[in-house]
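In: Attaching a predicted model along with its sequence, questions to come.
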Amino acid sequence: DSITVCGTKSKKYLSKKGFVESKIYTLPNSIDINLFRKMEVSKKYDLITVCRLGYEKRIDFLLKIVQSLKMYYPEILVGVAGKGPEEQKLKTLTIEMGLENNVIFLGYVDDLPNFYNSGKLFVLTSETEGLPRTILESMACHTPTINSNVGDVSDAVINNATSFLVDD
């Protein structure tokens, strides 16, 4: 009878594919702003990310970014929260790239609000998304985000104002 999507790009995409636009409803993700809020904690990590460690999240891109930044910031520290099918492959790649002292795979993190607040920047490197809660949670914690401009991410981000979008 109807289809729900997270944002405007998804709705336009389905409409172009022949679905009846009046039956497509946008229901954006929401978060608990009483839970996800700015907290006074030390900034342990330079970069953070939260995701299921699957291929489409492109954590390998994040590792390449860290490798480049390490030339200028040898002590850069990255926290990766999440588990998934690519986990072991990414840990091996981290070692091969000489980043084992810079990238920490934390697995499942119980206290996400504290984790978001412990990072200086949140990075989303996905090649496909809807409207991820992770960027909403990070922004609610006042941790700026740098995001792949995919899916409906641009519905939540005002580029160069609230956070940043990267097209390529």
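Out: In hand now; what should we look at?

In: For the rest of this, base every contact and every neighbour count on C-alpha atoms.
Out: OK.

In: average pLDDT for stretch 89-97?
Out: Averaging pLDDT along stretch 89-97 yields 98.

In: How about the backbone phi and psi for N117?
Out: phi -70, psi -20 (degrees, to the nearest 10).

In: What of A81?
Out: According to degrees, to the nearest 10, A81 has phi -100, psi 130.

In: State the distance from the nearest residue to it once chain neighbours are set aside to S148.
Out: In space, and not counting its chain neighbours, A81 is closest to V50: 4.7 Å by CA to CA, 6 or more residues apart in numbering. Here V50 is placed at a distance of 14 Å from S148 (CA to CA, to the nearest Å).

In: element containing Y73?
Out: If you go by DSSP states H and E, Y73 is not part of any helix or strand.

In: Then G98?
Out: Residue-wise, G98 maps onto no helix or strand under DSSP H and E.

In: And Y25, by the same measure?
Out: Element membership for Y25 (DSSP H and E) is strand 24-26.

In: Quick one: mean pLDDT for that strand?
Out: So the average pLDDT for strand 24-26 ends up being 92.

In: Describe which strands the next helix or strand after that strand pairs with in its sheet and in which direction.
Out: Using DSSP H and E, the next helix or strand after strand 24-26 towards the C-terminus is strand 45-50. Partner strands and pairing direction for strand 45-50 (DSSP bridges) are strand 78-81 (parallel), strand 119-124 (parallel).

In: Among the ones you listed, which comes closest to F61?
Out: strand 119-124 (9.8 Å; CA to CA).

In: which of the residues in the following helix or strand past the closest one are buried?
Out: Reading on from strand 119-124 to the C-terminus, the next helix or strand found by DSSP H and E is helix 133-140. Judged by neighbour count (16 or more other CA atoms under 10 Å), helix 133-140 contains these buried residues: 133-140.

In: Then stretch 45-56?
Out: 45-54.

In: In this structure, where is pLDDT below threshold?
Out: Applying pLDDT under 70 to the chain flags no residue at all.

In: Many thanks, we can stop here.
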